[in-house]
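> I need the structure of the sequence given here:
(4 chains)
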Amino acid sequence: MRIPCPFCGVRDLTEFTYLGDASLAQRPDPASPDAAARFHEYVHLRDNPAGLHDELWYHGGGCRSWLTVTRNTRTHVIEGAKLTRTSKSWTATS
Amino acid sequence: MSDMAQPNRLPAGGAIEGRVDRNRPLAFTFDGKSYSGYAGDTLASALIAAGVKLIGRSFKYHRPRGIFSAGPEEPNALIELRGGARREPNTRATTIELYDGLEAASQNRWPSLAFDILAINQIASPLFVGGFYYKTFMWPASFWEKVYEPLIRRAAGLGRASESPDPDHYEKAYAFCDVLVVGSGPAGLAAALAAGRSGARVILCEDDAQLGGRLLSERQTIDDAPAHLFAAAAGGELRSLPNVCVMSRTQVFGAYDSEVYGALERVADHVTAPAAGVPRQRFWHIAAKRCVNAMGATERPIVFGGNDRPGVMLASAVRTYLNRFGVLPGRKAVVFTTNDDGWRTAADLVAAGAQVEAVVDPRASVDENLTKAAAAGGVRVLLGGYIVNVTGGARGVTSAIVSVAGKRQILTADLVAVSGGWNPQVALTTHRGGKPRWSDALSTFVPGDLPDGMTVAGAANGDLGLAESLRKGSEAGAAAAAACGFSAAPAPQPRAEDEPTAVAPLWHVAESRHKAFVDLQNDVTADDITLAHAEGFRSIEHLKRYTTLGMATDQGKTSNLNGHAMMAALTGQAMSDVGTILSRPPHQPVAIGAFAGHHRDRHFRPTRHTAGHAWALENGAVMVEAGPWLRPQYFPRSGEKDWLTTVVREVRTVRSVVGVCDVSTLGRIDIQGRDAAAFLDRVYVNTFSTLPVGKARYGVMLREDGFVMDDGTTSRFAEDHYVMSTTTANAAKIMQHLEFCHQALWPELDVSMVSVTEQWSQYAVAGPKARELLMQLYGPDVDLSNDALPYMGCREIPLRGIPTRLFRISFSGELAYELAVPARYGAAVLEALMALCGALGGCPYGTEAQSVMRIEKGHVAGNELNGQTVARDLGLGRMMSTKRDYIGRVMAGRPALMAPDRPTLVGIRPVEKGRRLTAGAHILPGGAAAVAANDQGYVTSVAYSPTCEGWIGLALVVNGPARHGERVHAFDAMRNNDQDVVICSPVFVDPEGVRLRG
Amino acid sequence: MVVVGAGGHGLATAYYLAKNHGISNVALIEKGWLGGGNVGRNTTIIRSNYLLPGNEAFYEQSLKLWEGLEQDFNYNAMVSQRGVLNLYHSDAQRDAYARRGNAMRLHGADAELLDRNAVKAMAPFLNFDDARFPIQGGLLQRRGGTARHDAVAWGFARGASDRGVDIIENCEVVGLAIEDGRVVGLKTTRGDIKAKKVGLAVAGATSQLGAMAGLRLPIESHVLQAFVSEGLKPLVPGVITFGAGHFYVSQSDKGGLVFGGDIDGYNSYARRGNLPVVEDVCESGMALMPMIGRVRLLRSWGGLMDMSMDGSPIIDRTPVENLFLNCGWCYGGFKATPASGWCFAHLIATGQSHPNAAAYRLDRFASGAVIDEKGAGAQPNLH
Amino acid sequence: MADAALQLKARSAFDGLLVPGGPKDAGIVVTERKDLQIATVIARSSGFAEAIKTAYGIALPSGPKRIVVHEITLLGTGPRAWFALRAGERPLASDLEQSLGEHAAVADQSDGYGVLRVSGAKVRALLAKGVPIDLHPRAFAADDVAVTVCSHIGIMLWRSDADSSFDIAMFRSLCGSFWSWLSESAEEFGLRVEAE
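Numbers count the residues shown, from 1 in each chain, chains lettered A, B, ... in the order given. Now for the predicted structure:
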């Protein structure tokens, strides 16, 4: 499997480390009154879809970026990958 | 070379002479007997030339077996190649290029190939039917383990693996291309030419040593010249193109996700041993934008009585032996074919001067041209006929019994050439989940849905005609190149003919009453299929598992389809509904060593060395693996009788004088930014925003599930600049975690982190004279007094113009510092430190002494930070901030993690003074029975403490802190070291911390 | 009653429902063919060398059931107790194995801690001379070994069938009928089935079936590859696991080296893996036993693993009444087959957890009572 | 310790590993780049690009590219990260810190890496044995940079000026293991080590 890193280009699986469902980037509000229940869901419960799956990969063998990759868990076909942090932040060369 | 030595070699200059190099004779041995062949031979062709028919014994019945094919699908002729540490079991004689000095031995026979005692299994064969393991060998109960199983194990298996390390080396390699062409038969060559001429980057992989595939084995013509000349010319052109890479002796064995292909290049399998610096094999990862799969097809045999006898051979293999190798597999042949292609074998045999007794074809009528040509060659034509049995033995076939319209006749023969049609090589199309499609026209499966980026051309796609293969190959090559943005002017198609290829399905000659083999290697017979059906094992997966059909080293290449079709006939299903077993990589077996490449033995994983590594070795250090690093474990001196003596001396020296320890392997992460402090507050349980500049603080980090992840000290060098240290083992993991927290959770924070582990060599200097030592090192201008650098202080201090960092931190509990210097000076500073240290009466110390001292101080380390403990378990609960959130806070509050009866950190001492403690012992209440219900915890770490003059330990014990002084039992059945111990405080030395503040 | 999934665990559940509880009005329904799940694609290892309370008693029960299985169902599952040897390569690993071995002994299981010389006597072919991570010794469970995986499925199937269980193949569940928070039946590709109780034993598809009941579960599906070599004359005595890499190996009765390593590590339903794990496994194999360099890898396969958040299974009720869950076996499900069936049947039949499986609760993640043998935390691909 | 007695000799990352020599016609030529100042630079704010322009008069390319300005080679190693090198003794990290101020986090890494220059007719064939990326001139142009993994070792790799010449940086502690892979892999091509 090869993953299209938005920074480095298409790279071999060996350069990446998998974390899991992309929802792990959406940490619950620790101050909410039901924080215990929400953290339990966040840490433990998964949709685990058979099909398209947004998931977090770390390009530790490359640019050290965390990526959000959309991949089909039935076929392993990767639909796309983006930097996990782009949604909330700036880029350095623009 | 005399005819005596190679009685079956066709004479040079004849109508068919083959294309081996008769000027290069090669000597080889088989079962210790010497033979000769020629360059260009395979071991199989050379054995045929030499008149050797019996090559091996079958797996279950130990039946005599000969050479069945001329390629990688070979189920019978498996041999042990080479000897000693290079012995290669189960090697197919049909794929081994002959080299001078080749040694081969038959396998799976005892005591000898000709006389094999286990052939008795044939007589006992009713015991060995499909599923026999499960029903036989059952009773009496005790016999399975003591008698039956050891017997089965001895009889099982085929060849013998070497018992010595493989002396050759292997390599991995990576290749990239626009178009990968797999196979260099007519379709593959045409595809490679079309793509190559367009300028696309092309890789052409051919399993064989020569390009050409079937073109090397046939008497066809292309552009009015022998077809093998076309292959040679095409190969020449391809090799001349700079954008084309031709890889022969390279088998593409697997198709993986994202258009990655696995291929094995046999770099030195055709020579006695690899030359210096040359690997035996090279495992290629090929990333291709497009792939043209032109792997060709495998001829399908027919199941009939005695179809396993030496001398029964695939019809196309016979042509290969004649036309390519110039050897005659038999002098008197019967051809049994269900399709037009098989008739060519008769014609070629005749041309080579052999006698062909008959062509037996079950079809009622065939193309007139075929029968005419046969008649012209003096060959009888038996249409509507079947071979029902073949007689013979270890010396080969003696006759074929043919049935035509119910009438039997015996044909004397020493060769039976069989063709049931052709099965396209669909393997690469199925590795990624594609399902082959049934073709009624070809009576076989052809590629169905294809993986992304792959097209199939030629016989692999069921296009059996030569002209068609050339045309489809060319189209596929051009299309693949076009998809990558390359186009070439259309080139004229080479002239060739499409030979007749009509086929009628025939899987099994039902009239046969003799043992008829479906899977030759696993000895699965027609009766086994019937039995599996009768017992309800009818799906092809159950059939496979029950009978072992298709599970041998040939993976059913010549047996699966027949077996499945026979089951389909029994169940009345259509083949399109039955389906086929999806093949999984590797398409052909691959040596395990090739997948490992360089990474074996001590090169299994990289080894990280600190700058002080050489110094440590020179000073006699015993090294120990610490994660990816090597570290000095202890520094024995002459006269010290064991490691404990050394470690005791090192600890005493540190506690009484001074010692130096290389701690460069600890992870160091440079953290900068306006929000660095806020960031650290969120990743540590304790607060770092309040840490003054110039100070260090011990911190504990949790996983989000509330368990402890890591600990270490973090120092503040400026308002917006910290340096974090991590444990050696967790350094990479923590870096990844911090990047996650920043990039994924809090990208709005102005913080950045980078590993500076490698920039610095770091040395712990510990002991009462640590300050004195460092003052000598830095010289009189540097103030290291308690006021200038108090406990938990840190400073950047130049040393002879070199920037250094000095941390007043202590893992040992002594007055201690950690000195960080740029790594290029690491060795020199270590030498200087050690010279000063020695002069003061100090010594270097290793990880063992370090561990003793941290246990004496009750500091937790890897044994306690095992991912199963929460901060409260380790007595670190008070560090957890109650004012703010941090990673892991919420989940650490789960009820089971707050339970008061969780095992919690304590110290232990043996009741019996001087008794040795062992880690891993479980703690039971005093006097309680050694059963799980009484299990109250376990000993995590132990050490002999010179300071306490006895063994001490750390343990996690239920409700531990409330039990100081209680006598409990340490249960260690593993080391026979049961004993009573007393629970105590985990801090054994200087609980007030007077020394480290000194 | 309906048990969904005719893999090893479903078959064993149906068998013990009939045998232990006299409940033969059971339909065992299966999407594909019986025994076609992970019971048909594993490395056949049986052992009970677990560490933590909650696990060890269960796996020891399972091993004891293995020991009597052939006589129990009159079918040779080829249980072969040639020993399971876990190698250690450091003092810390030795102590961790001592802790484990002692826990096993406290549960009445067998365990021995071997030093380097004892390992060398057992397996002289291992790399003792030129290793990156030298072998220091091993934890040996002599009663561990292997069993013939397909025969296990067939034996349970035959036993269940003989006791009146209906095994229905090619029958896929497409929905669960739930009324007032209680399961009353299933919709399948072959029609609706009414049921008083439904037990799910569908490793690999647990999340999909759970979703039909409105459950979001602490499960991810991952692929585990395994490998077999060409058949060889006897070479490897028992099961050996490498302690400094991902590799375990045994030799089948037919002579093939059966070996494997870590999961591929990303969510997958594709039943196939990729090259990095193949290479990692072979590198580890060559690091451990460099004489296998010329032995050929014949075939690989991939199975879907129900990876749980703490690496331990779940055998429990669900918030839906009369719907029971058996899942989360990670890649240790084969050895658990008999005890899993035994305890799941007990739960379905009595409504009460079997004492040996009482810790395998679904709510342990919320409560914190996790059973994390590896200490890897809530990240399934690390278990 | 008296000044005179304290001689702190610097040792390069490949000290003791590379021994100059080897056949003249070697397919692979290796040189250690010993005299480099190295720093990692991480952009901290959106003002970074402007700060670079002000300090060095260039617009930084995006992506894994190399740019050379004022004798400083800047390699794009991540979306906000650069690897900076400069030959000679002049400290680089402090210069960059001064130029970029609060717009960047700079860390001196001059001692953290070993850098090899690998060249020769067979250089691509050699690197193909470990580097899992396409180094064909069509795929990896003169200013391309890659951070990748070779033989289980993290490396940074970029083209030096000649077509058949690559610079490779790796963590200092791993230089021994990298060298063992490289020297074994290069054996069939012939290997020559040259002093800088």
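
> now do the helices in the stretch 51-200 of chain C.
Assigned by DSSP state H, counting those that start in this stretch, the stretch 51-200 of chain C shows helices spanning C:56-73, C:91-106, C:116-122, C:149-162.

> remind me what the shortest one packs against, helices and strands.
Just to be clear, that refers to helix C:116-122. strand C:84-88, strand C:137-141 (3 or more CB pairs under 8 Å, 6 or more residues apart in numbering or on different chains; DSSP states H and E). Where C-beta positions appear, they are placed from N, C-alpha and C, glycine not excepted.

> change it to 7 Å
The criterion is 3 or more CB pairs under 7 Å, 6 or more residues apart in numbering or on different chains; DSSP states H and E, and the helices and strands that helix C:116-122 contacts are strand C:137-141.

> need the helices of the stretch 51-200 of chain C in CSV (columns: mean neighbour count and mean pLDDT).
Shown next, in CSV, are the helices of the stretch 51-200 of chain C (neighbours: other CB atoms under 10 Å in any protein chain shown; pLDDT from 0 to 100):
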stretch, mean neighbour count, mean pLDDT
helix C:56-73, 21, 93
helix C:91-106, 23, 97
helix C:116-122, 15, 97
helix C:149-162, 24, 92
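
> walk me through the domains of chain B.
B:1-162, B:171-297+B:424-483, B:331-419, B:613-665+B:759-853, B:667-755, B:900-998 (automatic domain parsing).

> out of these, which gets nearest to residue A:59?
domain B:667-755 (9.9 Å; CB to CB).

> just the terminal-to-terminal distance for that closest one.
8 Å (CA to CA, to the nearest Å).

> does any part of it sit near chain D?
Yes - legend: contact between domain B:667-755 and chain D by CB under 7 Å from any CB of the partner chain is shown at B:670, B:672, B:673, B:750, B:752, B:754.

> most neighbours per residue, which of the domains of chain B?
Mean neighbours per residue, mean count of other CB atoms under 10 Å in any protein chain shown, is largest over the domains of chain B for domain B:171-297+B:424-483, with a mean of 23.

> just the strands in the stretch 101-250 of chain C please.
Per DSSP state E, counting those that start in this stretch, the stretch 101-250 of chain C carries strands over the ranges C:112-115, C:137-141, C:145-146, C:166-168, C:173-179, C:182-188, C:191-194, C:198-200, C:219-231, C:239-241, C:248-251.

> my bad, should have said chain A
Along chain A, counting by DSSP state E, strands occupy A:2-5, A:9-12, A:17-21, A:52-58, A:66-72, A:78-83.

> make CSV out of the ones you listed and add mean pLDDT.
Shown next, in CSV, are those (pLDDT from 0 to 100):
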stretch, mean pLDDT
strand A:2-5, 98
strand A:9-12, 97
strand A:17-21, 98
strand A:52-58, 98
strand A:66-72, 98
strand A:78-83, 96
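
> I'd like to know which of those lies nearest to residue C:107.
strand A:17-21 (32.9 Å).

> and the angle from the closest one to strand C:219-231?
140 degrees (axes from the mean of the first three to the mean of the last three CA atoms, to 10 degrees).

> is strand A:17-21 up against chain D anywhere?
No - applying CB under 7 Å from any CB, one finds strand A:17-21 separated from chain D by no less than 11.6 Å.

> packing partners of that strand?
strand A:52-58.

> list of residues touching the strand it packs on?
A:3, A:16-22, A:24-25, A:66-73, A:79, A:84, B:736, B:744, C:267 (CB atoms under 7 Å, 6 or more residues apart in numbering or on different chains).

> give the buried residues for that strand.
Within strand A:52-58, the residues scored as buried using 16 or more other CB atoms under 10 Å in any protein chain shown are A:53, A:54, A:55, A:56, A:57, A:58.
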